[in-house]
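**Q** could you look at this predicted model? Sequence included:
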Amino acid sequence: MAYKLFISQNVALLNTRRIGIYDSNGNRVGQIPLGSLTPPTEWKKLCSFGALSDIHLQQATGQGDFQRALSYFTNEENVDFTCVCGDLVGYYASEANLSVFKSNVDTYSPNTPVYAIAGNHDVIAAESENWAKIDEATTNVWLVTYTGHPRYYSFTQGNDVYIMVGLASNSASDFLTIEELQWLYETLEANRNKRCFVFMHVFPWDGSGDVLDAYPTDLMSGTPGKVFYSLMKHYRNVIWLHGHSHVRFSGQEYGDMANIDNKYGRWSVHIPSCAVPKTGDEHRTSLDAESEGYVVDVYENGIHLRGRDFVKGEFLPIASYWLDTTLQTIPAGTYTDSTGTITK
């Protein structure tokens, strides 16, 4: 298998003048010309936001990692808001576990909105060591109480639409409900010619987030997944952001779609775990001592993704991307769903 260290969407870190190539002994063996790949710092930035996933607050370093990331976003980057792409709790949802999320947000991001959605761990409870689905009404009450938002919702920033799609269960057959998919269709159709950032916990199988086919379970394999894929494929002004697999940014060494892909005709961006990143190789080793996420700078016709190691306190060259998001015209009423799930 041929591996690529850099892909065409990689750009230089801000204020970088050249990129050097070094061997394992630290000897410089070449350089990469920047050419047109320099970030568009001369363009007007519309906003910035923090993007995190899999913060797993009850795991060993979860709280400290989340606090560090929020503090950086609010105090150093002055982001407009932060989005958390699911798996707020360590292992299973409860009022006590979810309340930790609210207390951390209130303390470390008191004046900057934090928008969160439910991941698979946020909609299951532990019953005699077996995972059990929490009643949907209860889940929604807990989410509203401790994150300030229901399971699915949207908000706007300028001309852009941010669509937050939380999971309903940990099963491929109903991880999104019919009602939620219908809402997603109607929201995308109404905003089809606008740039839409869609946050959903689960990643595209064999796409970004799934390096070397190492993840064991495909939650996108059922009918809800098929409908979701078809929506992403049709509405080409979407940028889909997701987490779930925990694969850290260096997974790009093993596959050039580890962090970014556009296999369905729109950009798909994987967000590593804030608390427990995993190696991108076939072993998927958990790394409790690491923490990763993005700062996303939004411009009129593109976005600059700046992947950060929050423990080392530095941005990573392998995780700096420029994605062209020039709007495409999508005719009204042209979406079709072969499963019959969506009604017009």
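**A** Sure thing, it's come through.
**Q** where in the stretch 101-250 of the chain is pLDDT low?
**A** Under the criterion of pLDDT under 70, the regions of the stretch 101-250 of the chain flagged as low confidence span 127-129.
**Q** where do the helices of it begin and end?
**A** Taking DSSP state H, counting those that start in this stretch as the criterion, the stretch 101-250 of the chain carries its helices at 136-147, 178-190, 223-234.
**Q** got CSV for the ones you listed, with distance to Ala96 and mean neighbour count too?
**A** Backbone N, C-alpha and C define where each C-beta goes, glycine included. Conversion of these to CSV gives the following (distance: least, C-beta to C-beta, whole Å; neighbours: other C-beta atoms under 10 Å):
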stretch, distance to Ala96, mean neighbour count
helix 136-147, 10, 17
helix 178-190, 26, 18
helix 223-234, 30, 20
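**Q** can I get those helices in TSV with distance to Asn259?
**A** Shown next, in TSV, are the helices of the stretch 101-250 of the chain (distance: least, C-beta to C-beta, whole Å):
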stretch	distance to Asn259
helix 136-147	26
helix 178-190	24
helix 223-234	17
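**Q** between those, which one is closest to Asn75.
**A** Proximity of these to Asn75 was assessed by C-beta to C-beta; the nearest stretch is helix 136-147, lying at 21.7 Å.
**Q** just to revisit the earlier point, what's the closest of the helices of the stretch 101-250 of the chain to Asp213?
**A** When the helices of the stretch 101-250 of the chain are compared for distance to Asp213 using C-beta to C-beta, the nearest one is helix 223-234, at 16.7 Å.
**Q** got the angle for that closest one vs helix 178-190?
**A** Between the axes of helix 223-234 and helix 178-190, defined by axes from the mean of the first three to the mean of the last three C-alpha atoms, to 10 degrees, the angle is 0 degrees.
**Q** now helix 223-234: how far from the chain's centre is it?
**A** Taking C-alpha atoms, centre = their mean, to the nearest Å, the mean C-alpha location of helix 223-234 is offset from the chain mean by 17 Å.
**Q** again with stretch 283-290
**A** Using C-alpha atoms, centre = their mean, the distance between the centre of stretch 283-290 and that of its chain works out at 18 Å.
**Q** can you list the buried residues in stretch 166-182?
**A** Neighbour-count burial for stretch 166-182, with 16 or more other C-beta atoms under 10 Å as criterion, is recorded at 166-172, 174-177, 180-181.
**Q** keep only those of the residues you listed that are in strands.
**A** Among the buried residues of stretch 166-182, no member falls in strands (DSSP state E).
**Q** farthest pair within those residues?
**A** The largest separation in the buried residues of stretch 166-182, counting by C-beta to C-beta, is between Asn170 and Leu181 at 17.2 Å.
**Q** how about the strands of the stretch 151-300 of the chain, start to end?
**A** With DSSP state E, counting those that start in this stretch as the definition, the stretch 151-300 of the chain shows strands at residue ranges 152-157, 160-165, 196-200, 238-242, 260-261, 267-270, 292-298.
**Q** strands paired with the third one, and their directions?
**A** This points to strand 196-200. Sheet partners assigned to strand 196-200 using DSSP bridges are listed as strand 160-165 (parallel), strand 238-242 (parallel).
**Q** show me what it is in contact with.
**A** Applying C-beta atoms under 8 Å, 6 or more residues apart in numbering, the contact partners of strand 196-200 are 83, 85-86, 115, 117, 160-167, 184, 188, 228, 232, 235, 237-242.
**Q** could you tell me which of the residues you listed count as buried?
**A** Using 16+ other C-beta under 10 Å, the buried members of those are 83, 85-86, 115, 117, 160-167, 184, 188, 228, 232, 235, 237-242.
**Q** which residue packs closest to Ala172, ignoring adjacent ones?
**A** Across the structure, with C-beta to C-beta, 6 or more residues apart in numbering as the measure, the residue nearest Ala172 apart from its sequence neighbours is Gly222 (3.9 Å).
**Q** then Gly243?
**A** Spatial nearest neighbour of Gly243, chain neighbours left out: Ser53 (2.6 Å); criterion: C-beta to C-beta, 6+ apart.
**Q** give me the distance between that neighbour and Val276.
**A** With distances defined as C-beta to C-beta, to the nearest Å, the gap from Ser53 to Val276 amounts to 11 Å.
**Q** which one's more surrounded, these two?
**A** Regarding Ser53 and Val276, a neighbour count based on other C-beta atoms under 10 Å identifies Ser53 as having more, with 32 against 24.
**Q** got a list of what the more buried one touches?
**A** Ser53 makes contact with 84-87, 119, 201, 242-244, 271-274, 293, according to C-beta under 8 Å, 6+ apart.
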